[in-house]
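J.: Fold the following, please.
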Amino acid sequence: MSWTDERVELLKKMWGEGQSASQIAKELGGVTRNAVIGKVHRLGLSNRVGGAPTATAAKPAAKEKTAAKAEPAAATPAETDAAEPAQVTPISRKPIIPAGQPLPPQPSANEISPEALANVREIEKKAKKISLMELTERTCKWPIGDPATEDFWFCGLAVQPGKPYCEAHVGVAFQPMSARRDRRR
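T.: Down below sits the predicted model:
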């Protein structure tokens, strides 16, 4: 299936009317819902906040169209210019971030307390700084540094029973459920 100019125009028209990607795919034939979504994305068509109109909202609109066809009202240019413009309520949206750009920092529900960070920094000064090949079930497996550099190592201190990390890193990695719940609020 290729995207001919006619198919693209029909896609744009139906998308603008609020049709769903599934409905558009059925109408076009030989294309999936995901293909329609991909094409809409590549064409840069706007995201729709409200989605497709509901059945109850579509019925009055259909009645208005039939009433308009039955009684055509010829408006003069002067009447259309004199009409008061409709009030548009701005919609607050998150800014669109171009592909490949880093996301802005987001507030996290899992932020680490300053005390825990200070404790980790002190422990890391005492760490054994072992390599991947030196790790055992008794050594802390907390990675430190950038794995792409030679300045990368693992903590290597004694682990807490049943955990993969030393006491300081367990305090950072495993948080009580109530503490996580409290931070989200």
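J.: contacts and neighbour counts: CA atoms only from here.
T.: Fine.
J.: quick one: the strands in the chain?
T.: Along the chain, the segments classed as strands by DSSP state E run 143-144, 153-154.
J.: Could you dump the ones you listed into a markdown table and include distance to Gly30?
T.: Below are these laid out as a markdown table (distance: least, Cα to Cα, whole Å):
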| stretch | distance to Gly30 |
| --- | --- |
| strand 143-144 | 50 |
| strand 153-154 | 53 |
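J.: OK, contacts around Ile144?
T.: Going by Cα atoms under 8 Å, 6 or more residues apart in numbering, Ile144 touches Phe152, Trp153, Phe154, Cys155.
J.: repeat that for 10 Å
T.: Ile144 makes contact with Glu124, Lys129, Asp151, Phe152, Trp153, Phe154, Cys155, according to Cα atoms under 10 Å, 6 or more residues apart in numbering.
J.: ditto for Asn47
T.: Trp15, Gly16, Val40, His41.
J.: Looking at neighbours, which among those is most surrounded?
T.: Comparing the contacts of Asn47 by number of neighbours (other Cα atoms under 10 Å), Trp15 comes first, having 21 neighbours.
J.: Wait, that one touches Ala21, no?
T.: Yes: Trp15 lies in contact with Ala21 (Cα atoms under 10 Å); the separation is 7.8 Å.
J.: returning to that earlier point: right, and the pair among the contacts of Asn47 with maximum separation?
T.: Pairwise distances across the contacts of Asn47 peak at 13.5 Å for Gly16 and His41 (criterion: Cα to Cα).
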